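In: have a look at this prediction, sequence included:
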Amino acid sequence: LYSISKCGEGRKPKMSIRERMINLYPLSNYTFGTKEPMYEKDRTVEARFNRMREDFEQYGMRRSVEGVLLVHEHNLPHVLLLQLGPSPSGTTFFKLPSSELNPGEDESEGMLRIVNATLGREDGVQTEWTVEDVVANWWRPNFEAPQYPYVPAHCTRPKEHKRLFLVQLPEKALFSVPRNYKLVAAPLFELYDNSAGYGPVIASLPQVLSRFNFIYI
């Protein structure tokens with residue numbers, strides 16, 4: 001955010017830059033339980049893109065959101081990731097709390113719905129998540145895996161728009177994790193330039209989060 005200060009006649013306006021501050025709490029502040037498994041809507045990649053194609057014909061471009069939840073250990077930012085696997089073939093998959101939005105659904109409300117469904121408690125106690133800034137936008141130009149942090153020049157009708165939100169955690173909370181996942185805290189230095197291990201979206205988080213000033217509490 002920028003603001004222009006008042007200045008006298010003949011002087012150039014001065015720009016003051018406000019740093020965006022985000023509170024990070026230690027990982028030890030949080031406790032973890034389990035709940036029923038949470039499965040993807042589509043059992044295969046092919047089925048996912050087939051359903052995306054059908055939805056595109058009916059509703060247009062898919063809108064999806066992903067939540068970036070941060071903690072710290074030893075004053076180093078860590079991102080909370082859902083880990084699936086390793087599978088019998090040795091494959092391990094990591095993802096942010098994410099899903100597609102319903103047609104017409106507000107992005108912030110949808111993000112809260114998805115984080116609650118993924119990590120929220122089952123005893124009726126509501127966790128005070130706060131949806132903060134948009135940290136990144138990614139577009140899928142075709143019914144295929146590749147995504148880009150921009151709309152490619154040749155693409156006039158993107159098939160999916162994915163928006164990443166920074167979700168502020170409360171000071172303390174209980175996370176209920178689906179039994180088929182593990183919740184892991186990955187340090188930013190491990191994600192940096194590591195598309196092979198985490199995919200391009202998660203691997204880009206150290207760069208897009210660098211604009212924030214983290215306050216370690």
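Out: Happy to help now that I have it.
In: next secondary structure after whichever helix in the chain runs longest?
Out: Determined from DSSP state H, the single longest helix within the chain is helix 45-59. Downstream of helix 45-59, the first helix or strand assigned by DSSP states H and E is strand 62-73.
In: could I get the pLDDT score of residue 163?
Out: On the pLDDT scale, residue 163 is placed at 98.
In: could I get the contacting residues of it?
Out: 63, 64, 65, 66, 107, 134, 136, 137, 138 (CB atoms under 8 Å, 6 or more residues apart in numbering). Quick note: C-beta positions are derived from backbone N, CA and C, even for glycine.
In: residue 87 now?
Out: Counting by CB under 8 Å, 6+ apart, residue 87 has no contacts.
In: tell me which residues in stretch 205-213 are buried?
Out: Within stretch 205-213, the residues scored as buried using 16 or more other CB atoms under 10 Å are 205, 206, 208, 209, 212.
In: helices or strands next to whichever strand or helix holds the second one in the packing?
Out: Here residue 206 is covered by helix 205-209, with elements defined by DSSP H and E. Packing contacts for helix 205-209, counted by 3 or more CB pairs under 8 Å, 6 or more residues apart in numbering; DSSP states H and E, involve strand 62-73, strand 130-140, helix 188-191.
In: re earlier: can you put the buried residues of stretch 205-213 in JSON lines and add pLDDT?
Out: Below are the buried residues of stretch 205-213 laid out as JSON lines (pLDDT from 0 to 100):
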{"residue": "205", "pLDDT": "98"}
{"residue": "206", "pLDDT": "98"}
{"residue": "208", "pLDDT": "96"}
{"residue": "209", "pLDDT": "97"}
{"residue": "212", "pLDDT": "95"}
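In: and of those, the nearest to residue 21?
Out: residue 212 (7.3 Å; CB to CB).
In: could you tell me which residues make contact with that closest one?
Out: With CB under 8 Å, 6+ apart, residue 212 has these contacts: 20, 21, 22, 133, 166.
In: hmm, try it at 6 Å
Out: If you count contacts by CB atoms under 6 Å, 6 or more residues apart in numbering, residue 212 has them with 20, 22.
In: point out where the chain drops to low pLDDT.
Out: Scanning the chain for pLDDT under 70 picks out 1-16.
In: returning to that earlier point: okay, the angle between the longest helix of the chain and strand 130-140?
Out: 100 degrees (axes from the mean of the first three to the mean of the last three CA atoms, to 10 degrees).
In: so what touches helix 45-59?
Out: Residues contacting helix 45-59 (CB under 6 Å, 6+ apart): 42, 62, 103, 143, 159.
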